[in-house]
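Asker: Okay, structure incoming, though there's no sequence with it:
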């Protein structure tokens, strides 16, 4: 790959910093650490607690053995830059007292004593020689030794700040870098993400700003009142069956508190109403605190916390508790705080790069050190590593923007996007559809006059785009989610009585918050009736304008089987010289905390000449499994249906795969490529086809990364957002030596710093070493998203696959409770066949119609 390809060259800065040199002589020995509570032998599973224990072992229990300090991965592996002098030669068990209170000689082990067993792993010491050869391109494979060396470097870089600050392993957070009160007992802290990445000739540290939601450090009472949006402490006098009690119980579960009456850190297991009057051992909590701690409770009737284990329960009054510092809130953020989160975390490119540089260079802590503090890290010093404080510069290119064709391409003038966007004024759809038998279902209290105005605006907008739209044949009100099926059948009958045809579309007007109604409508339309549906929120209807209705028209035309527009470019023209298919695939997983619910895989494929119309299919598989189990049969179906429609087999297949992480390229990517080629082999064998089999190009599209690009000069970026212009591509300077990859920023920035998508080619029969055409094709397909007049951040088929996965919930029998909280947490109880039996594909009537738009 080379920056000398198509496009206008542009130099940019990126948020990657060079590791000055790899330690040539340093080697690391690997040890396995097992940690258990003394006496009971129970394993300590909490990663943060494990890190605290290993730090205590090194700093207090036996500092002589652990000098220089070892690096711990938070799980079971310890790395030491020298062989540890263990009493058993290659193993030793240490007793670690987590309390500062001295033990009495000869006494039995007290609480707080933990056993750490270390054993040297029977493997060669880890060196950086193979990693050096890898970045010098003296070896081409990213071997296990290379990956281990990168992992050790990662731990070396992250260890010091992760020991000092709250973190999620990959990023740490400190209020010294920025803090914002959210409300509801929460606040936002800024922090820094770090990742070690090899590239040609050097190893980089990718640094990015990150944001965490934190529990506010305050008295338990104040935080509880904040959650309830109350000010009077009497609001905490709650019954156990009240909604507010349940809300607080859910919010505080697992949160740690410090105590006012004695030292200690306690984790909340539950809440207790009327805690001061809670009775135990012939006394009450109120009397106990007065007698034992000389503490009179001011609010004995309010809630208290429950700590300890079920067999050793303890109740502590709320007024004796303070929320412990540095605790991350890891649940889903309440929607009311989303806008504040976006505002705090979104920074334009110049501000974002300044924050990253400040993390390395600026003294922001009380001891006048920078947040990342590379120069003082004992782990970097021991390894002999330094990190450059200056971001690297790379040369990329700005690709030529594809032209967008509307109406009849032979007679109309194509539209030229400007920095990723265009408008449809004076344009008509390439293939507009008619809408003559349709209906409105209203689930709100919006008056008929408002609906009439909206319908007229929508009809006019659609007509301007070339659609022939008649007034709705029926309009009626619905009462709620439970009546959706009855409502849909009733309005369908009304349309049929008036027009003699089944409805082509039902437009449903929904309350602003109406997930259950939306779910029921989509489920009935997609699965039961095979009827395209379009939902609109009442708050949108009330202020609907031409622009909003034109956007609705784009969605409706695609759902009816029409074609809105066609992006055209040289790369696409070359591809069109012979039959081809573009496919997109993804896997959607259950929400965090959901157990015993399946993942849903999707495959979309183009079936037209211009790769703008797509069919979608789904499959159900084991929870959180990334490999698509049924990919072979899905691809077989796709090729078969393409052949039936076009009366010819494809000669080329471009397959875009969303969602694979770097660690999954080698295994999942390889297996899925085998599934695709296996499907091709099956098709050619079963159909006895004589033509050559299609060439395959398989590309992973990555979005979960932290590489960003920053224009060197403000006038070289987008004038509004300051981002690199849409179409900026970088294929050297930050790529992985083991793969052919590139970063493409295909969309115009709106808010904050744009994230480029990362394209990794795992197989390429079609383009081989011609990255220019592949990059141009990817950029072209980012302009093919049918419901927008903007280029999007990933190719349209990848976007569609993601949407289809999210719609999987509509296809399950409601009795299965998909996407609802489950009780069981036993993985063995998952019954995949039961989930598959209760899953229905989309209705045959919706074939070749993009109902997912």
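Answerer: Arrived safely, thanks for sending. Given the structure is predicted, the values throughout are model-derived calculations rather than measurements.

Asker: Name the residues of the longest helix along the chain that are buried.
Answerer: The residue-count maximum for a helix in the chain (DSSP state H) belongs to helix 144-164. By 16 or more other Cβ atoms under 10 Å, the buried positions in helix 144-164 come out as 145-150, 152-163. The way it works is simple: take the backbone N, C-alpha and C, and place the C-beta from them, glycine included.

Asker: With stretch 347-354 instead?
Answerer: Buried, per 16+ other Cβ under 10 Å, within stretch 347-354: 347, 348, 349, 352, 353.

Asker: can you redo those residues as CSV with pLDDT?
Answerer: Listed next are the buried residues of stretch 347-354 as CSV, based on pLDDT from 0 to 100:
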residue, pLDDT
347, 93
348, 94
349, 95
352, 95
353, 95
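
Asker: For the closest residue to residue 669 other than its chain neighbours, grab the count of nearby residues.
Answerer: Nearest in space to residue 669, with sequence neighbours left out and distances taken as Cβ to Cβ, 6 or more residues apart in numbering, is residue 762 at 4.6 Å. Using other Cβ atoms under 10 Å, residue 762 is surrounded by 21 other residues.

Asker: wait, doesn't residue 762 sit right on residue 739?
Answerer: Yes - between residue 762 and residue 739 there is a contact at 7.3 Å, judged by Cβ atoms under 8 Å.

Asker: per-residue confidence for residue 4?
Answerer: You'll see residue 4 listed with a pLDDT of 60.

Asker: Which pLDDT value goes with residue 822?
Answerer: At residue 822, the pLDDT recorded in the model is 44.

Asker: do residue 47 as well
Answerer: pLDDT, residue 47: 80.

Asker: cool, the one 10 residues further on as well?
Answerer: Per-residue confidence for residue 57 comes out at a pLDDT of 95.

Asker: And what about it, helix, strand or coil?
Answerer: helix (DSSP: H, G, I helix; E, B strand; the rest coil).

Asker: likewise residue 22?
Answerer: Under three-state DSSP, residue 22 comes out as coil.

Asker: close enough to count as contact, it and residue 203?
Answerer: Yes - here residue 22 reaches residue 203: they are 6.5 Å apart, a contact under Cβ under 8 Å.

Asker: ok so, going back, sec struct for the residue nearest to residue 669, please.
Answerer: Taking three-state DSSP, the label given to residue 762 is strand.

Asker: Tell me who's in contact with it.
Answerer: Residue 762 sits next to 665, 669, 670, 673, 698, 699, 700, 739 when contact means Cβ atoms under 8 Å, 6 or more residues apart in numbering.

Asker: These in helices, which ones?
Answerer: 670, 673.

Asker: Narrow the contacts of residue 762 to those that are buried.
Answerer: Going by neighbour count (16+ other Cβ under 10 Å), the contacts of residue 762 have 665, 669, 673, 698, 699, 700, 739 buried.

Asker: wait, what's in contact with residue 337?
Answerer: Per Cβ under 8 Å, 6+ apart, neighbours of residue 337: 182, 183, 184, 186.

Asker: wait, which of those residues is closest to residue 727?
Answerer: residue 182 (36.8 Å; Cβ to Cβ).

Asker: The closest one: how many residues sit nearby?
Answerer: Residues near residue 182, counting by other Cβ under 10 Å: 20.

Asker: next one: phi and psi at it?
Answerer: phi -100, psi -40 (degrees, to the nearest 10).

Asker: same check, this time on the one 5 residues further on
Answerer: The phi/psi pair for residue 187 (degrees, to the nearest 10) reads phi -150, psi 160.

Asker: between residue 762 and residue 739, what contacts are shared?
Answerer: residue 665.

Asker: And the one helix or strand residue 204 maps to, what does it pack against?
Answerer: Using DSSP states H and E, residue 204 falls within strand 202-215. Contacts defined by 3 or more Cβ pairs under 8 Å, 6 or more residues apart in numbering; DSSP states H and E place strand 202-215 against strand 16-18, helix 129-135, helix 144-164, strand 171-173, strand 186-199, helix 338-345, helix 349-361.

Asker: Of those, give the one that comes closest to residue 47.
Answerer: Of the helices and strands packed on strand 202-215, the one closest to residue 47 (Cβ to Cβ) turns out to be helix 144-164, at 10.2 Å.

Asker: which residues sit against the closest one?
Answerer: So helix 144-164 is contacted by 19, 22, 28, 51, 55, 71-73, 79, 126-128, 130-131, 134, 167, 169-170, 172, 192, 194-196, 198, 203, 205, 371-374, 376-380, 383, 385, 387 (Cβ under 8 Å, 6+ apart).

Asker: secondary structure class for the closest residue to residue 47 other than its chain neighbours?
Answerer: Of all residues not flanking residue 47 in the chain, residue 74 sits nearest, at 4.3 Å (Cβ to Cβ, 6+ apart). State at residue 74, reduced to three classes by three-state DSSP: coil.

Asker: Export the contacts of residue 337 to JSON lines and append columns for pLDDT.
Answerer: As requested, these are exported to JSON lines (pLDDT from 0 to 100):
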{"residue": "182", "pLDDT": "95"}
{"residue": "183", "pLDDT": "94"}
{"residue": "184", "pLDDT": "96"}
{"residue": "186", "pLDDT": "98"}
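
Asker: most neighbours, which of those residues?
Answerer: Most surrounded of the contacts of residue 337: other Cβ under 10 Å gives residue 186, at 22 neighbours.

Asker: what sits against it?
Answerer: Counting by Cβ under 8 Å, 6+ apart, the residues that residue 186 touches are 213, 214, 215, 216, 329, 337.

Asker: Read off the pLDDT value for the spatially closest residue to the third one that is not a sequence neighbour.
Answerer: Meaning residue 215. Leaving aside its sequence neighbours, residue 215 sits nearest to residue 327 (Cβ to Cβ, 6+ apart; 4.4 Å). Note on residue 327: pLDDT of 96.

Asker: Surely residue 327 is in contact with residue 254?
Answerer: No - here residue 327 does not reach residue 254: they are 9.2 Å apart, not a contact under Cβ under 8 Å.

Asker: Which one's more surrounded, the two?
Answerer: residue 327 (17 against 11).

Asker: Identify the residues contacting the more buried one.
Answerer: So residue 327 contacts 166, 214, 215, 255, 256 (Cβ under 8 Å, 6+ apart).

Asker: how far away is it from residue 150?
Answerer: Residue 327 sits 31 Å away from residue 150 when distances are taken as Cβ to Cβ, to the nearest Å.

Asker: if I look at the most centrally placed residue in the chain, how far off is residue 210?
Answerer: Compute the mean C-alpha point of the chain, and by Cα atoms, centre = their mean the closest residue is residue 704, 6.7 Å away. According to Cβ to Cβ, residue 704 and residue 210 sit 13 Å apart.

Asker: what is in contact with residue 22 and residue 203 at once?
Answerer: 131, 153.

Asker: Please say which of those two ends up with more neighbours.
Answerer: Neighbour count, other Cβ under 10 Å: between residue 22 and residue 203, residue 203 has more, with 24 against 19.

Asker: residues contacting that one?
Answerer: Residue 203 touches 18, 19, 22, 131, 135, 150, 153, 196, 197, counting by Cβ under 8 Å, 6+ apart.

Asker: The fifth one contacts residue 196, correct?
Answerer: What it means is residue 135. No - assessed by Cβ under 8 Å, residue 135 is found out of contact with residue 196, at 11.6 Å.

Asker: Where does the prediction get shaky in the chain?
Answerer: 1-4, 38-41, 101-111, 409, 593, 820-828 (pLDDT under 70).

Asker: Residue 490 belongs to a helix?
Answerer: Yes - assessed with three-state DSSP, residue 490 lies in a helix.

Asker: Could you check how many residues crowd around it?
Answerer: For residue 490, using other Cβ under 10 Å, the count is 15.

Asker: And for residue 317?
Answerer: Neighbour tally, residue 317, other Cβ under 10 Å: 27.

Asker: thinking again about what came up before, got a markdown table for the contacts of residue 337, with distance to residue 91 too?
Answerer: Listed next are the contacts of residue 337 as a markdown table, based on distance: Cβ to Cβ, whole Å:
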| residue | distance to residue 91 |
| --- | --- |
| 182 | 48 |
| 183 | 52 |
| 184 | 49 |
| 186 | 45 |
